[in-house]
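Engineer: sharing a sequence plus its predicted fold:
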Amino acid sequence: MKYGISFLLLIPIAAMAVTLDGWMNVTTGGDSLSPQLGSLDVGGFLQGSNWDVLLQEKHVSMDTTGVVDRVLNSYSRTDLDISIQAGPVRINPDLVWTVDIGDDKPELVLPVQGGIACRQGIVRPGLELDAQVNPSLRFFARGLYWSRDIIHEDGSDLGWTDTRFGGGATWDTPWNASLTIAGLTHNTTADYIDYDNTWNRYDVSVALHPRTLPRNMYFSGDVTYSVYDGKDFLDREIADRLTSRVRLMQMGILPSISVNTIFESAVDFDGGTVRSACTALESRLVWRFLKNRDVPSTVVLSGRLTRSSIGTERAGIFSRINIYKGFSFLAEAEARVTPTSVAGAGPDRQRYTFGPGLEYQFGNKARIWGIVEQERTNLTRNENWWRIRSGLEFYPGSVSF
Amino acid sequence: MMRYARYLAALAAGILLFLACEGPLNTTQLMVNTDDCIGCGECVEVCPYNAVEIINGDAVIDPSLCHFCYRCVEQCPEGAIY
């Protein structure tokens, strides 16, 4: 009898539709700086009526000759993300597991003059709860825990852990705005060097999303005031911060052209001192044409200026011109100014990158591409090098059972 | 024509605001533009102070550990940290 009841309980579960998606992305490349650049990204997404499971594996392999600082690390990262909807509550446990592989382990400079250490891996479980108690009110809470496998230069395990808990509520008001109140506490502990630091943050945020705008115009804005309670690495109080962001998007400014502009500003309140901490302006223009082809052609122009205690500048163009069926010609060019950590190179590093490429898309199932770039960088002297990058993206589609 | 004028006026206002705020500013925290961050994790790999993590697909900088070495700013392929 009890087996009969179990069987009856299983019938509705088996009758629920389950969908499986999978994907694989491979990129590879090389230049005089990094002879071996490669990444493999494989994932699967299983979805039922009120639950889903994501499993993703990313393997990155990089090497360098060390002319400029690049990612030296080779690592393997596994993500497991489970989401269960139980009435108005969503329960979302997840796990991230990163293992540093290869000979070049990333070196870390430890706080409180604790010396140099070597990172070997991270395990990070987390749990998120989200409750939509009514259409306009949502509560959320999240806890994360990092256990870091970090070995001191004298061979001892640091016992480094981080813990982060946070939560809050969002109210969607009837006036095209939402109000969020949230709090967060973060603790870092490294037993071997007697490091134990906690900081807290309390946020009040207002987001505007007006719905009565002229045709094809989209606007959003948000203002967040964050109160910090804690100290930085110099034992100074972390300043409170007022952050504001405005985003304006206009579709069809000319036929098939859309423009997106973002302005961002941050002001710090440090004791009795109020100071501007950052401003940033960014704009992007997208032109789509030959839309009736298998692959629409696109030209993207973008630019960004930022000013804080450093300045960054970036301008770029990317184009995909469809030639025949899934076959397209790619071209890209980018100019960037950033600070640099390369010794003797001056405060800023100017980079100019450009190159042509080719791409073939097999419907929505696969995409193969290759691009040849030339980069010029002014360091202690002007450096020029070639780089070849290529990739394969494979998406076999959904399977329902 | 009016819709172009409207948009150009907004863009001009943004540029004027930016220029008004331009200058050697002080900062106590770096900013991450979450619209542009693609969560690739290169900032995590290059940070020598363990101050960056990817949370919910975006880079998050720990203000107590960041030493303003700006390696993440230089490394970020999208220029999303500044």
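Structural biologist: All right, it came through fine.
Engineer: can you show me the helices along chain B?
Structural biologist: Remark: helices assigned in chain B by DSSP state H are B:2-21, B:42-46, B:71-75.
Engineer: test my guess that A:Asp157 contacts A:Ser147.
Structural biologist: No: contact between A:Asp157 and A:Ser147 fails when scored by CB atoms under 8 Å: they sit 10.9 Å apart. No exception for glycine: its C-beta is placed from N, CA and C like everyone else's.
Engineer: what residue ranges in chain B score low on pLDDT?
Structural biologist: Across chain B, the ranges flagged by pLDDT under 70 are B:1-8, B:10-11, B:13-26.
Engineer: one more time with 50, if that's ok
Structural biologist: By pLDDT under 50, chain B has no low-scoring segment.
Engineer: also the stretch 101-250 of chain A?
Structural biologist: For the stretch 101-250 of chain A (pLDDT under 50), the answer is none.
Engineer: hmm, try it at 80
Structural biologist: Scanning the stretch 101-250 of chain A with the threshold set as pLDDT under 80 gives A:102-106, A:212-215.
Engineer: which bits of it sit near chain B?
Structural biologist: Contact residues (CB under 8 Å from any CB of the partner chain) of the stretch 101-250 of chain A with chain B: A:106-109, A:111, A:119, A:144, A:146, A:148, A:150, A:160, A:186, A:188, A:197, A:199, A:214, A:228, A:230-233, A:238-239, A:241, A:243, A:246-248, A:250.
Engineer: drop anything exposed from the residues you listed.
Structural biologist: A:106, A:108-109, A:111, A:119, A:144, A:146, A:148, A:150, A:160, A:186, A:188, A:197, A:199, A:228, A:230, A:232-233, A:238-239, A:241, A:243, A:246-248, A:250 (16 or more other CB atoms under 10 Å in any protein chain shown).
Engineer: out of the residues you listed, which sit inside strands?
Structural biologist: A:108-109, A:119, A:144, A:146, A:148, A:150, A:160, A:186, A:188, A:197, A:199, A:228, A:241, A:243, A:246-248, A:250 (DSSP state E).
Engineer: OK, contacts around the nearest residue to B:Cys40 once chain neighbours are set aside?
Structural biologist: Spatial nearest neighbour of B:Cys40, excluding adjacent residues (CB to CB, 6 or more residues apart in numbering or on different chains): B:Pro77 at 6.5 Å. Contact analysis of B:Pro77 by CB atoms under 8 Å, 6 or more residues apart in numbering or on different chains lists B:38, B:40, B:42.
Engineer: PyMOL command to pick out the buried ones of those?
Structural biologist: Selection of buried members from the contacts of B:Pro77 for PyMOL, criterion 16+ other CB under 10 Å:
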select buried, chain B and resi 40+42
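Engineer: so A:Leu55 is in which element?
Structural biologist: strand A:51-62 (DSSP states H and E).
Engineer: show me what that strand is packed up against.
Structural biologist: The contact analysis (3 or more CB pairs under 8 Å, 6 or more residues apart in numbering or on different chains; DSSP states H and E) places strand A:51-62 against strand A:37-47, strand A:74-86.
Engineer: stretch B:54-66 vs chain A: in contact?
Structural biologist: Yes: Stretch B:54-66 comes into contact with chain A (CB under 8 Å from any CB), by way of B:55, B:62-66.
Engineer: now that stretch: how far from the chain's centre is it?
Structural biologist: In this view, stretch B:54-66 has its centroid 12 Å away from the chain centroid, taken as CA atoms, centre = their mean, to the nearest Å.
Engineer: also stretch A:345-354?
Structural biologist: 24 Å.
Engineer: same check on stretch A:142-162?
Structural biologist: Distance, stretch centre to chain centre, for stretch A:142-162: 23 Å (CA atoms, centre = their mean).
Engineer: can you pull up the bridge partners for A:Ile122?
Structural biologist: On the basis of DSSP bridges, A:Ile122 is bridged to A:Thr98, A:Arg148.
Engineer: residues contacting it?
Structural biologist: Residues near A:Ile122 by CB under 8 Å, 6+ apart: A:96-98, A:146-149.
Engineer: same check, this time on A:Leu54
Structural biologist: Listed by CB under 8 Å, 6+ apart, the contact set of A:Leu54 reads A:43-46, A:79-82.
Engineer: let's see that with 6 Å instead.
Structural biologist: Taking CB atoms under 6 Å, 6 or more residues apart in numbering or on different chains, we find A:Leu54 in contact with A:45, A:81.
Engineer: state the distance from it to A:Pro93.
Structural biologist: According to CB to CB, to the nearest Å, A:Leu54 and A:Pro93 sit 12 Å apart.
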